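Asks: fold the following.
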Amino acid sequence: MSLAVENPDYFASLESFEGIPDFFEPREQRKVSPFWDKLHSAFEWTGVMLPGVSLALGLAWVGSFLSDYLGRRAHYQPGASPISPVTTAVALGLIVRNTVGVPKMYDPGLKLCLRTILRIGIVIMGLTLSIVTVGKDVLVALPIMICCITAAMISVTLITRAMGLPRRLGTLIAVGTSICGVSAIMATAPVIEAEEDETSYAAACITIFGLLAMISYPFVGHEIFSTPKQAGMFFGTAIHDMSQATGAGLAYAQQYKGEAAFHTAVSVKLVRNLFMSVLIPLAGVLYHRGSQGKKRVQQKWHQIVPLFVVGFLVMACIRSIGDTGDANGKAFGMVDRIHWNTVGQTAKLLVPWLLAMSMAAVGLGTGLAKLRGLGLKPFTVGFAAALLVGGVSAGLIHLLAPLIQRF
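Replies: Numbers count the residues shown, from 1 in each chain. You can find the predicted model right below:
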């Protein structure tokens, strides 16, 4: 028998340079301490996440650069471009996704941007707002939220029934439109025993129309409302998903120098998300009434009350308490006023970049081919629901305009 058969590694050294070891030859796995094992896992996790995160960060930077460049070409002052960096980053993501395509190796990092980094950005944003400001915005927006949610639930149910669509699909589109987009759909689906294709159709509807709203509503809000606060209230009550409402508010703030729109949109949308805790169990009860349901699925509390909402409110409380200070003006009796203000300024600089990365990931994760596979009826229901909620929100904001201006 030949040496090559008896020992497959016999001729391995013939392809290598003398004195240069082959680092990729199989080696014995040595036992390591738990610390080094965790460090190895951290390196492995970083390697998996880095491509997607780097791509999103790169598009956020290119979006910022292009926004500034186009503004200067149009003779606008620096930082006053007519095209928001966030809108540009989303558009770039959509172009990349629907032309070149995004390899699967980028998916974990993009999901990290869409979920974790977005939530971190929103929580940190709490450090830029006082709980009093948040409370005033929410107090005024509460009747608008309730009316929008009620209108969406009733109208989508009736339209779905009239078009002969499955009841579960209608429920998912109604919940996604009225509360919290895809997150609400995913939380409601097991409660009403929705099929996988029904969940996918509903999520596609919400994603497409929410994305269109995120891109167009900053321009619409600037035209039909007289103040940034009114525009922010519109974004928070009319746009489906948290990321989309945040993106619209940030785009308006960057484009029209109306930071109040950004803060109001996020505050109102966060509280609107809390209605998941009421509406999702209610949807389950209504669906299972009679003999429809085979089993009931109880969702965990943190699935219907997002933890990042709690984190945002905690940070806003911390900011408010710190701003009050002690008798010497120190925050919490320890941090002087200059350093405490630096915390807020740092948060203001960091939040737009974290959210821009998330918005770039939204574009990179949205394939327009979903429109082809959606079907005309679900598309029509989603479109009608988006128009109805937007119309109800805009009408009520104009009606309550004097009250909003007072706050």
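
Asks: remind me, longest helix of this protein?
Replies: helix 34-73 (DSSP state H).

Asks: low-confidence stretches in the stretch 201-350 of the chain?
Replies: Scanning the stretch 201-350 of the chain for pLDDT under 70 picks out 286-306, 325-329.

Asks: list the contacts for Met315?
Replies: Applying C-beta atoms under 8 Å, 6 or more residues apart in numbering to Met315 gives the contacts 123-127. Quick note: C-beta positions are derived from backbone N, CA and C, even for glycine.

Asks: show me which pair in those is furthest apart.
Replies: Val123 and Leu127 (8.5 Å; C-beta to C-beta).

Asks: and the longest helix of the chain, average pLDDT?
Replies: Averaging pLDDT along helix 34-73 gives 87.

Asks: in that helix, which residues are buried?
Replies: Under the neighbour-count criterion of 16 or more other C-beta atoms under 10 Å, helix 34-73 has 49, 51-53, 55-57, 59-61, 63-64, 66-68, 71 buried.

Asks: give the other helices and strands that the helix or strand that it is followed by contacts.
Replies: Of the helices and strands lying after helix 34-73 in sequence (DSSP states H and E), the nearest is helix 85-98. Counting contacts by 3 or more C-beta pairs under 8 Å, 6 or more residues apart in numbering; DSSP states H and E, helix 85-98 packs against helix 34-73, helix 196-224, helix 242-256, helix 337-364.

Asks: who are the packing partners of the helix or strand just after the third one?
Replies: So the one you mean is helix 242-256. Note on helix 242-256: by DSSP H and E, the next helix or strand toward the C-terminus is helix 259-274. Counting contacts by 3+ C-beta pairs under 8 Å, 6+ apart, helix 259-274 is packed against helix 118-125, helix 131-163, helix 228-238, helix 242-256, helix 307-324.

Asks: switch the cut-off to 10 Å
Replies: helix 118-125, helix 131-163, helix 181-188, helix 196-224, helix 228-238, helix 242-256, helix 307-324, helix 337-364 (3 or more C-beta pairs under 10 Å, 6 or more residues apart in numbering; DSSP states H and E).

Asks: overlap in contacts of Val123 and Leu127?
Replies: 312, 315-316, 347, 351 (C-beta atoms under 10 Å, 6 or more residues apart in numbering).

Asks: now do the contacts for the residue positioned nearest the centre of the chain.
Replies: Nearest to the mean C-alpha position of the chain, counting by C-alpha atoms, centre = their mean, stands Ser243 at 2.4 Å. With contact taken as C-beta under 10 Å, 6+ apart, Ser243 is in contact with 113-115, 118-119, 121-122, 181-183, 210-211, 214, 269, 355, 358-359, 361-362.
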